[in-house]
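>>> need a structure here:
(2 chains)
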Amino acid sequence: AQKITQTQPGMFVQEKEAVTLDCTYDTSDQSYGLFWYKQPSSGEMIFLIYQGSYDEQNATEGRYSLNFQKARKSANLVISASQLGDSAMYFCAMREATVFTGNQFYFGTGTSLTVIP
Amino acid sequence: DVKVTQSSRYLVKRTGEKVFLECVQDMDHENMFWYRQDPGLGLRLIYFSYDVKMKEKGDIPEGYSVSREKKERFSLILESASTNQTSMYLCASKGAGGISGNTIYFGEGSWLTVV
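Residues are numbered from 1 along each chain as shown, chains lettered A, B, ... in the order given. This next block holds a predicted model:
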């Protein structure tokens, strides 16, 4: 089974609008971490935001927020006030806390976001 | 800032050649990773290393090997390159410690074309 599922291969958003990128995850661990990364066309992966499974509040970092719904196992990324520079691939990832596999990150297949002027 | 440097951004190699992809990190991280990225498949883990000379297979190790002789350097080796290994390769590193906020840091990627 897929550990991380991103069901939106491509998304479009108007500049200055908000957009939500979907991510669902699958784990039986109680302790885990959820991450979002941005990958511009240049290729580097840029860390955006982190949510721990025990964090009660949704994580926020500037214009990025993570809508964490634990019971539904979803960790959607919300980008507010989209900018042209937000056009990129976005990857959701999870790290489980089990001792043996604790250093392995699982990545989704990504969502390509295009911001339209 | 953490710096993960991949030695080659773009490579073109012939089928059957031996290929080395080098990665160096400057943060004394214990853990280093090699991923392969293909459209529609996301990132897939090839190998990771949690200490010098230690390595573990990831999801797709076939056709690859790795070397970690020094803590800061993690090399990916394609013993005999094949066209289905044409891809983008990402190196990453991470420190030891708890799960909270402990993200991995990526290099800029190496685009390998095998002809």
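
>>> residues from chain A in reach of chain B?
Residues of chain A lying close to chain B by CB under 8 Å from any CB of the partner chain are A:4, A:6, A:9, A:31-33, A:35, A:37, A:42-45, A:47, A:50, A:52, A:91, A:95, A:97, A:102-105, A:107-110. Backbone N, C-alpha and C define where each C-beta goes, glycine included.

>>> narrow those residues to those that are buried.
Neighbour counting with 16 or more other CB atoms under 10 Å in any protein chain shown marks A:4, A:6, A:31-33, A:35, A:37, A:43-45, A:47, A:50, A:52, A:91, A:95, A:97, A:102-105, A:107-110 as buried within the residues of chain A next to chain B.

>>> those residues in strands, which ones?
A:4, A:32-33, A:35, A:37, A:47, A:50, A:52, A:91, A:95, A:105, A:107 (DSSP state E).

>>> what secondary structure does A:T114 sit in?
The three-state assignment at A:T114 reads strand, by DSSP: H, G, I helix; E, B strand; the rest coil.

>>> please look at it and A:M11 and confirm they touch.
Yes. The pair A:T114 and A:M11 qualifies as a contact (CB atoms under 8 Å) at a distance of 7.2 Å.

>>> got a list of what residue 7 touches?
Reading this off chain A. Listed by CB atoms under 8 Å, 6 or more residues apart in numbering or on different chains, the contact partners of A:T7 are A:22, A:24.

>>> sorry, I should have been clearer: chain B.
Contact analysis of B:S7 by CB under 8 Å, 6+ apart lists B:21-24, B:110.

>>> neighbour-wise, which one of these leads?
B:C23 (26 neighbours; other CB atoms under 10 Å in any protein chain shown).

>>> which parts of chain B sit against chain A?
Checking chain B against chain A by CB under 8 Å from any CB, the hits are B:9, B:31, B:33, B:35, B:40-45, B:48, B:50, B:58, B:88, B:90, B:92, B:94, B:99-109, B:111.

>>> what about burial for the residues you listed, which qualify?
Listed as buried from the residues of chain B next to chain A are B:31, B:33, B:35, B:42-45, B:48, B:50, B:58, B:88, B:90, B:92, B:94, B:99, B:102-107, B:109, B:111; burial here means 16+ other CB under 10 Å.

>>> just the ones in strands from those, please.
Of these, the ones assigned to strands by DSSP E are B:31, B:33, B:35, B:42-45, B:48, B:50, B:88, B:90, B:92, B:94, B:105-106, B:111.

>>> and the two most separated of these?
B:Y50 and B:W111 (27.2 Å; CB to CB).

>>> burial measure for B:T113, as a count.
13.

>>> give me the distance between it and chain A.
For B:T113, the distance to chain A equals 14 Å [CB to the nearest CB, to the nearest Å].

>>> again with B:R68
14 Å.

>>> give me the pLDDT for the nearest residue to that residue once chain neighbours are set aside.
Once flanking residues are discounted, B:R68 sits nearest to B:S49: 4.5 Å by CB to CB, 6 or more residues apart in numbering or on different chains. B:S49 is assigned a predicted lDDT (pLDDT) of 92.
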